[in-house]
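Test case, fold it:
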Amino acid sequence: MIDNPFRIDICDMYDHMEIADRLRDARIAAGFRSAAEAATSFGWTGSTYAAHENGTRGCKPADIKKYADAFQADPCFITYGAHTKSPVISGLSDGALKEVITFVLSHDGADTANPRDIADMVLDICDYVRQSGDGGLQNVVNFAFHRRAARSG
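Numbers count the residues shown, from 1 in each chain. I've put the predicted structure just below:
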């Protein structure tokens with residue numbers, strides 16, 4: 001096998017980045033367009049988070065853990081550029097993702113829906129749940145139960 005000199009290893013690529021760059025990448029991957037949007041969403045001091053993300057202020061381990069938890073990112077990725085856990089689909093835990101998929105597939109219209117439409121709906125709900133925090137999935141389920149009760153009542 002001939003070695004390709006143009007091959008870029010993903011881990012090598014992230015090794016050369018600074019913590020601030022990887023923090024920005026984690027924020028973007030979590031769906032936040034700006035540092036201000038993320039800071040507002042999580043109740044952080046905007047100037048502090050922005051300084052961490054632009055590299056003008058160092059991050060303590062507790063800060064990295066807080067950001068990794070918020071962005072559902074691997075803290076080792078933010079710190080060192082290496083992943084230590086498997087990626088999470090759509091930013092949700094496996095259990096929450098299973099609940100979202102079960103919820104969508106149990107809908108009356110799922111039987112006749114286009115599979116791509118179902119996939120888009122699952123991703124949209126995952127995005128809502130991820131941005132809404134712990135209560136997001138519960139909000140979706142509550143809405144579904146209220147809607148069903150209204151139809152049958």
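
For this protein, which segments are assigned as helices?
Under the criterion DSSP state H, helices of the chain are mapped to 10-15, 19-29, 35-42, 46-54, 61-71, 75-80, 94-105, 115-132, 136-152.

Including mean pLDDT and mean neighbour count, could those helices go into TSV?
Bear in mind the C-beta positions are built from the backbone N, C-alpha and C, glycine included. Shown next, in TSV, are these (pLDDT from 0 to 100; neighbours: other C-beta atoms under 10 Å):
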stretch	mean pLDDT	mean neighbour count
helix 10-15	44	12
helix 19-29	90	19
helix 35-42	94	17
helix 46-54	94	17
helix 61-71	91	16
helix 75-80	85	18
helix 94-105	78	16
helix 115-132	78	15
helix 136-152	66	12
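
Let me see the domain layout of the chain.
The record's domain split for the chain, according to automatic domain parsing, is 10-80, 89-152.

which ones are touching the residue nearest to Cys59 when sequence neighbours are not counted?
Taking C-beta to C-beta, 6 or more residues apart in numbering, and ignoring the residues beside it in sequence, Cys59 has His52 as its nearest neighbour in space, at 5.0 Å. Under the criterion of C-beta atoms under 8 Å, 6 or more residues apart in numbering, the neighbours of His52 are 20, 23, 58-59, 63, 67.

Many thanks, we can stop here.
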